[in-house]
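Colleague: structure of the sequence below:
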Amino acid sequence: MINDRVAGAPISWGVCEVPGWGHQMDPGRVLAEMRDLGLAATEFGPDGFLPARAGERAALLAEYGLRPVGGFAPVVLHDPERDPLPDVRRILSGFDVERSKSDLTLVLAAVHGLDGYDERPSLDLAGWTALLANLDRIAALAAETGVRAVLHPHVGTMVERSAEVRRVLDGSGVPLCLDTGHLLIGGTDPAELAASAGERIAHVHLKDVDAGLADAVRHGRTSYTDAVRAGIYRPLGAGDIDIAAIVGSLEGVGYDGWYVLEQDMIIDAEPAPGAGPLTDVRACVDFLAGIPA
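Modeller: This next block holds a predicted model:
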């Protein structure tokens, strides 16, 4: 059973760093619903969602009985003229390692520096050289503070497509966040990656996906934001990804990290009590509970 390693992410409640993404729910309601669903922990969410000071952040999570997992960190990594380490040090300052009862993870996304995930520039050799070197530099910096850094292949970032994921695996030592949805949209079979490179997976974001909408995003027929609004992410077991096989592969190679329920969602208004995003998250929790040990 993996139930004690299932965590939540605020983006499953529509809380996102992208300006204009949608209605942003209050932390108190989000954390209470995570607790009531039986989730063991949460990622931190975007800047401003939880208190910036590590002690205050830890105290708030403890109030809701949630352990900290770490957080998503969109950072420009490919610019040879821009050192990402100051930004990373600032982010790590909010990770209260000493008070944490679990390993914390810095979930890096190699963003391009503009808002949103609907477009991205191409990356030249100098950019790739900088990106790969910066991944290893950040992993070493994070390790010095007791935090594990992983790279999150993500739609609309500099590491999205299958060849780019392979380039990171071959050209750096950083482990990956296996995000089942973003990988599929980018053209990587997440089940195959879990089976073939499970030893490089150190963090997991679980999503199920409508493969038709994923294909439309991959080939430019719709934007990522429009696909999210149209419901590209489905409750686990209701889409086209074999989540149970992925969990089985990872458990088979000794993965002992978190399974974070992280379904990007856009909501336009505050949901009624007992309604809204928690309905999909509850379905995901129930699905995982049914996976054989």
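Colleague: Three-state assignment for the residue nearest in space to the middle of the chain, please.
Modeller: Residue closest to the average C-alpha location in the chain (Cα atoms, centre = their mean): His205, at 5.1 Å. Counting by DSSP: H, G, I helix; E, B strand; the rest coil, the backbone at His205 sits in strand.
Colleague: what does the pLDDT read for it?
Modeller: You'll see His205 listed with a pLDDT of 98.
Colleague: now do Val97
Modeller: Reading off the confidence values, Val97 has pLDDT 61.
Colleague: now Ala58
Modeller: 88.
Colleague: repeat that for the one 4 residues further on.
Modeller: At Ala62, the model reports a pLDDT of 93.
Colleague: would you check how far apart it and Glu81 are?
Modeller: Here Ala62 is placed at a distance of 41 Å from Glu81 (Cβ to Cβ, to the nearest Å). To be clear about C-beta, it is placed using only N, CA and C from the backbone, and glycine gets the same treatment.
Colleague: those two - which one has more neighbours?
Modeller: Ala62 (13 against 6; other Cβ atoms under 10 Å).
Colleague: re the thing from before, show me what contacts the residue nearest to the centre of the chain?
Modeller: Residues in contact with His205 (Cβ atoms under 8 Å, 6 or more residues apart in numbering) are 9, 152, 177-182, 260, 262.
Colleague: which positions are bridged to it in the beta structure?
Modeller: Taking DSSP bridges as the rule, His205 bridges to Asp179, Val260.
Colleague: where does the stretch 151-293 of the chain have low pLDDT?
Modeller: Where the stretch 151-293 of the chain drops to pLDDT under 70, the residues are 293.
Colleague: 90 instead?
Modeller: Low-confidence segments of the stretch 151-293 of the chain, defined by pLDDT under 90, span residues 292-293.
Colleague: so which residues of it form helices?
Modeller: Along the stretch 151-293 of the chain, the stretches classed as helices by DSSP state H, counting those that start in this stretch are 162-171, 180-186, 190-196, 211-218, 224-229, 243-252, 277-289.
Colleague: highest average neighbour count across those helices?
Modeller: helix 180-186 (a mean of 27; mean count of other Cβ atoms under 10 Å).
Colleague: strands of the stretch 1-150 of the chain, residue ranges please.
Modeller: Ranges of strands in the stretch 1-150 of the chain, per DSSP state E, counting those that start in this stretch, are 6-8, 41-43, 67-76, 104-111, 147-151.
Colleague: ok, the residue nearest to the centre of the chain to Gly198 distance?
Modeller: Applying Cβ to Cβ to His205 and Gly198 gives a distance of 15 Å.
Colleague: before we move on, back to that, what distance do you get for the residue nearest to the centre of the chain to Leu178?
Modeller: According to Cβ to Cβ, His205 and Leu178 sit 7 Å apart.
Colleague: next one: Leu92
Modeller: Taking Cβ to Cβ, one finds Leu92 at 22 Å from Leu178.
Colleague: of the two, who's got more company?
Modeller: Taking other Cβ under 10 Å, Leu92 and Leu178 do not tie; Leu178 has more neighbours (29 against 24).
Colleague: so what's that one up against?
Modeller: 190, 193-194, 201, 203-205, 246, 250.
Colleague: again, only using 7 Å
Modeller: Contact partners of Leu178, counting by Cβ atoms under 7 Å, 6 or more residues apart in numbering, are 190, 193-194, 201, 204.
Colleague: for these, work out which two are farthest apart.
Modeller: Greatest spacing in the contacts of Leu178, by Cβ to Cβ: Leu193 and Val204 (11.2 Å).
Colleague: nearest to Leu31, out of the helices of the stretch 151-293 of the chain?
Modeller: Nearest of the helices of the stretch 151-293 of the chain to Leu31, taken as Cβ to Cβ: helix 277-289 at 11.7 Å.
Colleague: what packs against that closest one?
Modeller: strand 6-8, strand 259-261 (3 or more Cβ pairs under 7 Å, 6 or more residues apart in numbering; DSSP states H and E).
Colleague: would a markdown table of those strands with distance to Ala163 be doable?
Modeller: Shown next, in a markdown table, are the helices and strands packed on helix 277-289 (distance: least, Cβ to Cβ, whole Å):
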| stretch | distance to Ala163 |
| --- | --- |
| strand 6-8 | 30 |
| strand 259-261 | 26 |
